[in-house]
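Participant: no sequence on this one, just coordinates:
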């Protein structure tokens, strides 16, 4: 029994470390970063940078470079510096081709043929559908610049398309899934570059580049692509999910670099590959480049500190040689959108994008987390509510592990019946711990009791807890997913608080005191579940078990509401299950006696 309790305490303290980190470190850090980012954006808007510091002169093609992206691909195209907001940046660049699909709106900047204006039609800033849609990509002149572009490097070809190149659109078109757009550029050497941009009904762009050599000598050009970002995410997520620069490079697998890591390293070059992808990912959104399969490319993650600091995920492909009078073709793709699980998997399988599922950070325990999500998503297809799906999945898990739990609770019931004998042994051998342990093990052997059996329900619940926490925190399907009543976002904490009577009193509550309805219910059910068992004789253990529900109530108040709902429901089912099994085994349920004794002791201690 002693070992059993020590194990339970160890497991509980492990979970306590997790919730403590979330409550004391992650949540305050997120709030501080949110305020710092708002102040920084305001400063940028009020004090535009010096235009001269943002511009880089055109560098002739063929100039040796330490970086793989061509000089034209790294130069600034901001003629007037950083402007106050995104709308002004868009207004300053009038040469654009509109984008209008079922999922995206925005435009292509003809200067550089950049994808630098994208909004996600199906996603909003808040749970209110009237709130603005999510902005993914923004022009370089905007304070939160973020874009993708393609270009060339080469020698003896003349001027190559890059960031400053003004492409010509063939006809007046709007990019839709049914109508690709074609852009052209002809340099002084009569080399014509033609770019067709197409998009599927979702979030994948296909860029088909052709090079027409009308000269008398062969030419050789190397295609490049890059995703550039000038700011970090405005609301930094917790350690549980990766954000930063990443990619998959052939057999070498996935390579990741957080913003902090690339700032320290400056430059990271993964191994060359002939298949894969690279880009920048946030908690829910990503922009990724997919070079042409079968064509070797060298990738690079870079933090550029020249002028305005920026993060680059770039690649440079092997040269394409075009004979006189011939045409060379390079096909690449760009994903820009939400990391929807089924959609990402579709691009990996049907789109042949190597390991594109790695775009979603399932964590080290992906073998639990990913099936957990698919199980919940499967139930959601029937219920239409992710909260209800979580409740159903909890019941299913309880049924799956019922034989294990049944044996555990039966063993705990026997342990409870043996408490008088165990206490007698402890008193008899109080000064001899070795004999005490031997006598207790003899009781266990005679009564066929497994002292560690009570640990199994906890062991089963811990991986489920972590998996569900990861699912709620990482998957975009859970973002703004409603339950019932006041829970309109399962991925966000319960918005109510007991300290303003759940919104009845007209004042806001500090973050640390946001103790909502479901955290309270979780604490109550946890308290009841602990009181089903006899009070530990050890004073330290008794104090831990008494105060643990209170501590967890405060700690879990900052966790996603879906996780707290799961824990509350799981506790409720465990209480019912344990009570029924104990009753069937003829063991007295001392719930009310234990609760009464707890408050009586506290009252006596207070009076004393």
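Facilitator: Nice, I can see it. In this text, all values refer to a predicted model and were calculated from it rather than measured experimentally.
Participant: number of nearby residues for residue 585?
Facilitator: Per other C-beta atoms under 10 Å, the neighbour tally for residue 585 reads 15. Every residue, glycine included, has its C-beta placed from N, CA and C.
Participant: test my guess that it contacts residue 414.
Facilitator: Yes. Counting by C-beta atoms under 8 Å, residue 585 touches residue 414, with 7.5 Å between them.
Participant: surely residue 134 meets residue 124?
Facilitator: Yes. Taking contacts as C-beta under 8 Å, residue 134 lies within contact range of residue 124: 6.8 Å.
Participant: so what sits against both of residue 585 and residue 414?
Facilitator: Between them, residue 585 and residue 414 share no contacting residue under C-beta atoms under 8 Å, 6 or more residues apart in numbering.
Participant: how is the protein carved up into domains?
Facilitator: 2-24+369-607, 147-360 (automatic domain parsing).
Participant: can you lay out those domains as a markdown table showing mean pLDDT and distance to residue 82?
Facilitator: Listed next are those as a markdown table, based on pLDDT from 0 to 100; distance: least, C-beta to C-beta, whole Å:
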| stretch | mean pLDDT | distance to residue 82 |
| --- | --- | --- |
| domain 2-24+369-607 | 76 | 30 |
| domain 147-360 | 90 | 7 |
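Participant: so who does residue 248 touch?
Facilitator: Applying C-beta under 8 Å, 6+ apart, the residues near residue 248 are 254-255, 276-278, 354-356, 358.
Participant: which ones among those map onto strands?
Facilitator: 254-255, 276-278 (DSSP state E).
Participant: closest one to residue 468 out of these, please.
Facilitator: Closest to residue 468 out of those is residue 254 (23.9 Å), distances taken as C-beta to C-beta.
Participant: tell me the buried residues in stretch 400-412?
Facilitator: By 16 or more other C-beta atoms under 10 Å, the buried positions in stretch 400-412 come out as 401, 405, 408-412.
Participant: tell me the residue in this protein that is farthest from the middle.
Facilitator: Relative to the mean C-alpha coordinate of the chain, counting by C-alpha atoms, centre = their mean, the farthest residue is residue 428 (56.2 Å).
Participant: now residue 472, nearest residue through space, not along the chain?
Facilitator: Among residues not flanking residue 472 along the chain, residue 560 sits closest, at 4.2 Å (C-beta to C-beta, 6 or more residues apart in numbering).
Participant: just to check, the one you found is in contact with residue 490?
Facilitator: Yes. If you go by C-beta under 8 Å, residue 560 and residue 490 touch, sitting 6.3 Å apart.
Participant: the two: which is more packed in?
Facilitator: Set residue 560 next to residue 490 and count neighbours by other C-beta under 10 Å: residue 490 wins out with 25 against 22.
Participant: so what's that one up against?
Facilitator: Contacts of residue 490 by C-beta under 8 Å, 6+ apart are 386-387, 390, 472, 478, 481-483, 560-562, 565.
Participant: from those, which is closest to residue 285?
Facilitator: For the contacts of residue 490, the residue nearest residue 285 by C-beta to C-beta is residue 478; the value is 14.7 Å.
Participant: so the closest residue to the closest one other than its chain neighbours, which state does it fall into?
Facilitator: Leaving aside its sequence neighbours, residue 478 sits nearest to residue 491 (C-beta to C-beta, 6+ apart; 4.5 Å). Under the three-state scheme (DSSP: H, G, I helix; E, B strand; the rest coil), residue 491 adopts coil.
Participant: any idea how far residue 491 is from residue 131?
Facilitator: Residue 491 is 16 Å from residue 131, where distance means C-beta to C-beta, to the nearest Å.
Participant: neighbour count: these two, which is higher?
Facilitator: Each of residue 491 and residue 131 has its neighbours counted (other C-beta under 10 Å); residue 491 has more, 22 against 10.
Participant: show me the contacts for residue 494.
Facilitator: Residue 494 neighbours (C-beta under 8 Å, 6+ apart): 486-487, 514, 516-519, 557, 561, 564.
Participant: ok, so of those, who is nearest residue 211?
Facilitator: Distance to residue 211, by C-beta to C-beta, is smallest for residue 561 among the contacts of residue 494, at 54.3 Å.
Participant: test my guess that that closest one contacts residue 518.
Facilitator: Yes. Counting by C-beta under 8 Å, residue 518 is a contact partner of residue 561 at 6.1 Å.
Participant: overlap in contacts, the two.
Facilitator: Common neighbours of residue 561 and residue 518 (criterion: C-beta under 8 Å, 6+ apart): 487, 494.
Participant: circling back: include distance to residue 213, neighbour count and secondary structure when you put the contacts of residue 494 into a markdown table, please.
Facilitator: Output for those, formatted as a markdown table (distance: C-beta to C-beta, whole Å; neighbours: other C-beta atoms under 10 Å; DSSP: H, G, I helix; E, B strand; the rest coil):
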| residue | distance to residue 213 | neighbour count | secondary structure |
| --- | --- | --- | --- |
| 486 | 66 | 15 | coil |
| 487 | 62 | 22 | coil |
| 514 | 65 | 21 | coil |
| 516 | 67 | 22 | coil |
| 517 | 70 | 19 | helix |
| 518 | 67 | 26 | helix |
| 519 | 68 | 27 | helix |
| 557 | 66 | 29 | coil |
| 561 | 61 | 28 | helix |
| 564 | 64 | 28 | helix |
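Participant: which of those lies closest to residue 296?
Facilitator: Nearest member of these to residue 296, counting by C-beta to C-beta, is residue 561, at 48.1 Å.
Participant: for that closest one, which residues are in contact?
Facilitator: Residues near residue 561 by C-beta under 8 Å, 6+ apart: 483, 487, 489-494, 516, 518.
Participant: rebuild these as a markdown table, extending it with distance to residue 350.
Facilitator: Conversion of the contacts of residue 561 to a markdown table gives the following (distance: C-beta to C-beta, whole Å):
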| residue | distance to residue 350 |
| --- | --- |
| 483 | 33 |
| 487 | 36 |
| 489 | 31 |
| 490 | 30 |
| 491 | 28 |
| 492 | 33 |
| 493 | 37 |
| 494 | 39 |
| 516 | 42 |
| 518 | 40 |
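Participant: buried set for stretch 549-562?
Facilitator: Buried residues in stretch 549-562 (16+ other C-beta under 10 Å): 549, 551-562.
Participant: same check on stretch 377-391?
Facilitator: Buried-residue list, stretch 377-391, by 16+ other C-beta under 10 Å: 377, 379-380, 385-391.
Participant: circling back: turn the ones in strands among the contacts of residue 248 into a markdown table, columns for distance to residue 329 and neighbour count.
Facilitator: As requested, the ones in strands among the contacts of residue 248 are arranged in a markdown table below (distance: C-beta to C-beta, whole Å; neighbours: other C-beta atoms under 10 Å):
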| residue | distance to residue 329 | neighbour count |
| --- | --- | --- |
| 254 | 29 | 16 |
| 255 | 28 | 19 |
| 276 | 20 | 27 |
| 277 | 20 | 30 |
| 278 | 22 | 26 |
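Participant: which of these sits closest to residue 445?
Facilitator: Nearest to residue 445 among those, with distances taken as C-beta to C-beta, is residue 254, at 50.7 Å.
Participant: residues contacting the closest one?
Facilitator: Contacts of residue 254 (C-beta under 8 Å, 6+ apart): 246-248, 355, 358.
Participant: quick one: which two of the residues you listed are the most distant?
Facilitator: 246 and 355 (11.0 Å).
Participant: ok, residue 442 - how many residues close by?
Facilitator: Residue 442 has 11 neighbouring residues, counting by other C-beta under 10 Å.
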